[in-house]
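Engineer: After the sequence you'll find the predicted model.
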Amino acid sequence: MRYSRVLRNAGRSQDSRAAYVRLASITGVRVAGAPADLVGRHAECELEAADTPRQAAEIQTRMAALLGDLLAGRWQLSRAQFEFYWREASRLAGLRESPPADSIALSDAAAMAWEQRKLESGSRGQSTVWPDGKPFFVIWRGGAERRAVLVTRPESYLKQIFAAKDVLPAVVDSQGRILAGHKDGHNRAAVRTPDETGLPWTLYVTGVQSLTKAGIIARQRYLLLGTTVMVLFLISGTYFIGRAIRREMEVSRMQSDFVSGVSHEFRSPLTSIRQLSEILALGRVPSEERRQVYYETLVRETARLQRLVEGLLNFGRMEAGARQYRFEELEAGALVRQVVGEFESQVAGSARHIETSGTAAPCRIEADPEAISVALRNLVDNALKYSPNFPTVWVEWGVEGHHVAIRVRDRGPGIAVGERKAIFRKFVRGTAAAGGSVKGSGVGLAMVRHIVDAHGGDITVESGPGTGSTFTMLLPCNGASA
C-alpha cells in the first residue's frame, strides 16, 4: 500500500495502478486493519477517477458492485470501516447514498447479542435490544460456548398480525416503549401479557370501528392462536434440533470407540505374529522345543485373528439380513463342553479356569451349531475379560420349562441397572468397560442378541455392582428334552 502511494506521488500512475490491481486480487489478508482486496479495489478506482475521467461510467459500475459486496457482508469490517468505504464507493459511483441504517442496526443488534451471551448463562432465553433506538428481538438456545441465536425485528416476527387490515396491533416492552405498531388510546384494546404469550412483550390489539363485536372476538382468538402456534413451533423446533444434535454426537462417539476397540483387538495378535515370525525367520530360536512353542503360539494367534475377522463379517451379514442359519438337532451339554474346550489354551498357565456343570439328561435343541457357538464364545470371552481378578468362570446348562438354559456367570464388577438393556445394542459398552480399561468392539452382545432372537429364544442378564453378572440364553427345547 505504501509502495503504491510512493509510485503515485512520483508520477508513475501506471505502476501504481498495477500495484493496486495486484492488491485487489489478494484475499484473506488485511492491510492496515482492512481487507487487502477491498483496499485495492477502492484505491484503483480512486486513482482512475483522478487520472482518466473519461472512464467514469466503468468506475461507477465497479463501485456499484463494491456497494453490493459491502451490503452482502463479504468482508469482516468494523462499523467505522463499513461506513467509510460505503461513503467512498457511493461518491465514486455518483450515488451519494448514506449507509443503510437498517442493515447497520441489524449488525449492531447481532453484536449486542454476541456480547450478551457472556452475561446470560442460561441455556435458553429471549430479550429485546435497542441499537440506535431501533428494537430487535433476540432469542437463543444453547450454552455460551455453543449457542444458536435468532435476531429479528418484532414486526417481522409478528408479520401475520401486522398484515391484518381490520385491527391495530402494538407491541410494548416492559418499560412501556412501543417496539412495533401503533397503540390506540381511544378504543378498548385486547391485552396479552408476556406470561400468556411466552414473549418478552405486552401485545395490544385494537379493532377498527368498522368491525362488529363478533368480528373483534374472532380476531382476538385468531391473534392468540397464531401467537401460540408460533411459540410452539419455536419450542418444538428447538427440541427436535437439540435431540438430533445429541444423537449425532452419540453416534460419533460410539463409532470412535468402535474403531479404537477393534484396532486394539487386531493389534495384539498381529504384534505377536510379527514378533514370532521375525524370530523364526532370523533363526534366533534357541532350541527345537522353543521353536515348537512359537509355532503353536502362531497357530493360536492366527486363529484368534481369524475369529475376530469372522465375528465382524458375521455381524455385518446379520445386520444386512444376509446371514443364513442351518438348523440341526444339537445336544446343549456337548456344545458347551466343545466351546469351553477352545479356551483351555487361553487360560493354560494361569490360575484361572472355567467350571462347567449341567444336567445328566440330554438337552436337545434345534439350532445352528456355528451361530450358537459364536454366541456362547462371546459370553465366555466377556466373562474372562471382565473378571481378571477372580480365577473362576462358571458355565451351566439345564432344562427350564420348555427351554434349555445356558448360563455364563462371573464375579466381575457387575452392570448398572440403567445399562442392562443398552449393552445389547451395537457399539454400546458399559461403564465397567471404561473403568476397567477392557478393550472390545462393542458388537459381541449385539451379535448374541441377534443370534438368540433368530432361534426364537431370549437372552437375559442378572447383575449387581460388585457381585458379578450372569447371562442366560434361553433356547426352545427340541420336544424330547421337555
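Structural biologist: Good, I have the coordinates.

Engineer: Flag the shaky bits of the stretch 301-450 of the chain, pLDDT-wise.
Structural biologist: Residues of the stretch 301-450 of the chain meeting the criterion pLDDT under 70: 311-312, 314-322, 349, 427, 429-442.

Engineer: same check, this time on the stretch 1-150 of the chain
Structural biologist: 1-17, 19-20, 47-55, 102, 117-118, 121, 144.

Engineer: and the longest helix for this protein?
Structural biologist: Ordering each helix of the chain by length in residues (DSSP state H) puts helix 213-281 first.

Engineer: ok, which stretches of the stretch 51-200 of the chain are helices?
Structural biologist: Using DSSP state H, counting those that start in this stretch, the helices of the stretch 51-200 of the chain run over residues 56-71, 79-93, 101-116, 154-157, 159-162, 194-197.

Engineer: can I get those helices in TSV with distance to Gly122?
Structural biologist: Where you see a C-beta, it was placed from the backbone N, CA and C, and this is true even at glycine. Listed next are the helices of the stretch 51-200 of the chain as TSV, based on distance: least, Cβ to Cβ, whole Å:
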stretch	distance to Gly122
helix 56-71	34
helix 79-93	29
helix 101-116	11
helix 154-157	20
helix 159-162	28
helix 194-197	16
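
Engineer: what does stretch 111-131 contact?
Structural biologist: With Cβ atoms under 8 Å, 6 or more residues apart in numbering as the test, stretch 111-131 has contacts from 105, 108-109, 135-144, 147, 149, 151, 154, 173, 179, 199-201, 238.

Engineer: With distance to Leu308 and mean neighbour count as extra columns, can I get the helices of the stretch 51-200 of the chain in CSV?
Structural biologist: Below are the helices of the stretch 51-200 of the chain laid out as CSV (distance: least, Cβ to Cβ, whole Å; neighbours: other Cβ atoms under 10 Å):
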stretch, distance to Leu308, mean neighbour count
helix 56-71, 57, 16
helix 79-93, 61, 17
helix 101-116, 51, 16
helix 154-157, 57, 18
helix 159-162, 61, 16
helix 194-197, 60, 13
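
Engineer: Indicate which one of the ones you listed is closest to Leu38.
Structural biologist: Across these, the minimum distance to Leu38, taken as Cβ to Cβ, is reached by helix 79-93, at 6.4 Å.

Engineer: show me where the stretch 301-450 of the chain has helices.
Structural biologist: Under the criterion DSSP H, counting those that start in this stretch, the stretch 301-450 of the chain carries helices at the ranges 332-341, 344-347, 369-386, 431-435, 444-454.

Engineer: Mind listing the strands whichever helix or strand comes after the last one pairs with, and their directions?
Structural biologist: Read that as helix 444-454. Using DSSP states H and E, the helix or strand that follows helix 444-454 in sequence is strand 458-464. Strand 458-464 has the following strand partners under DSSP bridges: strand 468-476 (antiparallel).

Engineer: which stretch among the helices of the stretch 301-450 of the chain comes nearest Leu67?
Structural biologist: Minimum separation from Leu67 across the helices of the stretch 301-450 of the chain (Cβ to Cβ) falls at helix 431-435, 57.6 Å.

Engineer: dump the residue contacts of Ala454.
Structural biologist: By Cβ under 8 Å, 6+ apart, the neighbours of Ala454 are Arg323, Tyr325, Ala371.

Engineer: residue contacts, the last one?
Structural biologist: Going back to what we said before, that points to Ala371. Contacts of Ala371 by Cβ under 8 Å, 6+ apart are Arg323, Tyr325, Ile451, Ala454, His455.

Engineer: Most neighbours among the residues you listed, which one?
Structural biologist: Comparing the contacts of Ala371 by number of neighbours (other Cβ atoms under 10 Å), Ile451 comes first, having 27 neighbours.

Engineer: ok, back up a step: would you mind pulling up the elements that the longest helix of the chain packs against?
Structural biologist: strand 136-142, helix 159-162, strand 167-172, strand 190-192, helix 194-197, strand 202-207, helix 288-320 (3 or more Cβ pairs under 8 Å, 6 or more residues apart in numbering; DSSP states H and E).

Engineer: and of those, who's closest to Ile406?
Structural biologist: Here helix 288-320 is closest among those (Cβ to Cβ), at 18.9 Å.

Engineer: Tell me how far Gly122 lies from Gly358.
Structural biologist: Using Cβ to Cβ, to the nearest Å, Gly122 is found at 60 Å from Gly358.

Engineer: what's the burial count for Thr152?
Structural biologist: Here the count is done by other Cβ under 10 Å, and Thr152 has 15 residues near it.

Engineer: That one touches Phe137, doesn't it?
Structural biologist: Yes - if you go by Cβ atoms under 8 Å, Thr152 and Phe137 touch, sitting 5.5 Å apart.

Engineer: now Val461: how far from Pro476?
Structural biologist: Look at Val461 and Pro476: by Cβ to Cβ, they are 20 Å apart.

Engineer: for Phe266, that is, sorry about that
Structural biologist: For Phe266, the distance to Pro476 (Cβ to Cβ) stands at 36 Å.

Engineer: And stretch 277-290, how far out from the chain middle?
Structural biologist: 51 Å (Cα atoms, centre = their mean, to the nearest Å).

Engineer: And stretch 196-204, by the same measure?
Structural biologist: On Cα atoms, centre = their mean, the centre of stretch 196-204 falls 34 Å from the chain's centre.

Engineer: buried set for it?
Structural biologist: Buried residues in stretch 196-204, defined by neighbour count with 16 or more other Cβ atoms under 10 Å: Thr197, Leu199, Pro200, Trp201, Thr202, Leu203, Tyr204.
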